[in-house]
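Asks: Structure for the following, please:
(one chain, ligands or ions: 1)
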Amino acid sequence: MEIEFIKMQGLGNDFILLDNRKGDIRHPYPDLSKKLCSRHFGIGADGMILILKSVAQDIKFRIYNSDGSQAQMCGNGMRCFAKILYENKILPQKKMRVDTKAGTVIPEVITDEAGRVSSVRVDMGEPVLFCRDIPFKSPNEIAVEEFLTVGDKECGIIPVSMGNPHAVMFVDDLERVDVKKIGRSIETHERFPEKTNVEFVEVVNDKELKMKVWERGAGMTLACGTGACAALVAANLTGRTSKSAVVHLDGGDLDIQWNKETNHVFKTGPATKVFEGRIRI
Ligand SMILES: N[C@H](CCC[C@H](N)C(=O)O)C(=O)O
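Replies: Purely as a prediction, here's the structure:
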C-alpha cells in the first residue's frame, strides 16, 4: 500500500509523521519505523510519529525511534506534531491535550501575523526522580549524583525521567567528550533496565547550558527536547543553574522553565515542516 507522510524537524531532530487516525496503516509500527527512518533505504529520520485517535484526550501521540523501539515521549517531536495538528486544521484549538505514553502533555502553538506556527510551548509535565520510576537501579530512593562504571572510568550521572529515561552528565569541556563511545555505553548500562538517553552538559552560567546528546534507540541526534528538560532539572537540583535556562544544542536553542509551584517543566522551541510525500510500504 501507499501512505502519505510529512517530514518534520525540530532543531534538526527529524521525524516522519503519519496520520493513522483511520487505522488503515496496519504495518507493525516497530518494523515500519526502522524501514522509513533508514537514511539509505527509506525517507530518513531519527523517529516516526503517529497521529492517532484518542478517547480520553484531544488526540493521541506515539513515537518510535529509528531502531524500531517505542519511546514514551519526544519533546522535539511533540512541537512538530502540534504544528501539523493546528496548521492542517486537524484540531481547531491552539492549546491541545495530547495522550502520550508519558501521560497527558499540553502543547500550545504560537502563531505569527500570517497565522503560521512560529514556535510551540509544551507543558511537559513533572520530572520523575524516584529511581524505581525512572527506572534506575540504585540504593537511593531519589536520584542524586550516581557513579556508573563505564570501561575503566567512573562516570558521574544524574538520572531523571521526563516520561522517558535520561542520564545527565555534567562536563567541563563538551568539545572534549567522546559522545559516541560514552553515550553508547551508558545507553545500555545494566543499571538502566529500560536503557536510557544520555545528555552531556556544560554549564555556561546560571541561565545557560550547552548540551550534546546520545539518544536511546537513535544514537547521536542534533537535539533532544526531553533531554534538555532533564538537563535543566538536574542542573537546578544540583545548584548549577536557576529554574529556567536556555539550552544550546547542536541543532539550536530551547527555552526550558521549571515551574516549582506546579512542578511542571515547560519547553519552548521551533518546529519545521521539511516536505510531504507518499511512499509504498
Ligand atoms: N530517543 C528517545 C525518544 C525521542 C526523544 C527526543 N528526540 C526528544 O526530543 O525528546 C527515547 O527513546 O526516549
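
Asks: For the rest of this, base every contact and every neighbour count on C-alpha atoms.
Replies: Fine.

Asks: Which residues of the stretch 51-200 of the chain lie near the ligand?
Replies: Within the stretch 51-200 of the chain, the residues that sit near the ligand (CA under 6 Å from any ligand atom) are 65, 71, 73-77, 164.

Asks: residues in contact with the residue nearest the centre of the chain?
Replies: Centroid-nearest residue in the chain: residue 74, 3.2 Å away (criterion: CA atoms, centre = their mean). Listed by CA atoms under 8 Å, 6 or more residues apart in numbering, the contact partners of residue 74 are 63, 224-226.

Asks: my hunch is that residue 30 is in a helix, does that hold up?
Replies: Yes: assessed with DSSP: H, G, I helix; E, B strand; the rest coil, residue 30 lies in a helix.

Asks: What is the neighbour count of the residue lying closest to it once chain neighbours are set aside?
Replies: Nearest residue to residue 30 in three dimensions, chain neighbours excluded: residue 68, at 4.0 Å (CA to CA, 6 or more residues apart in numbering). Look at residue 68: counted by other CA atoms under 10 Å, it has 22 neighbours.

Asks: now do residue 21
Replies: If we define neighbours as other CA under 10 Å, then residue 21 has 14 of them.

Asks: Ok, the one 3 residues further on next?
Replies: For residue 24, the number of neighbouring residues by other CA under 10 Å comes to 10.

Asks: quick one: the helices in the stretch 1-150 of the chain?
Replies: 29-37, 75-87 (DSSP state H, counting those that start in this stretch).

Asks: hey, which of those is tucked in deepest?
Replies: Most buried of the helices of the stretch 1-150 of the chain by mean neighbour count (mean count of other CA atoms under 10 Å) is helix 75-87; its value is a mean of 25.

Asks: other SSEs contacting it?
Replies: strand 2-10, strand 13-19, strand 47-52, strand 103-111, strand 117-123, helix 225-237 (3 or more CA pairs under 8 Å, 6 or more residues apart in numbering; DSSP states H and E).

Asks: now the fourth one, how far from the centre of its chain.
Replies: Here the centre of mass of C-alpha atoms in strand 103-111, compared against the chain's by CA atoms, centre = their mean, to the nearest Å, lies 14 Å away.

Asks: quick one: average confidence on that strand?
Replies: Averaged across strand 103-111, the pLDDT comes to 97.

Asks: tell me which residues in that strand are buried?
Replies: 104-111 (16 or more other CA atoms under 10 Å).

Asks: Please tell me I have it right and residue 95 contacts residue 108.
Replies: Yes: the criterion here is CA atoms under 8 Å, and residue 95 meets it with residue 108 at 4.2 Å.

Asks: Quick check: phi and psi at residue 183.
Replies: Dihedral pair for residue 183: phi -60, psi -50, per degrees, to the nearest 10.
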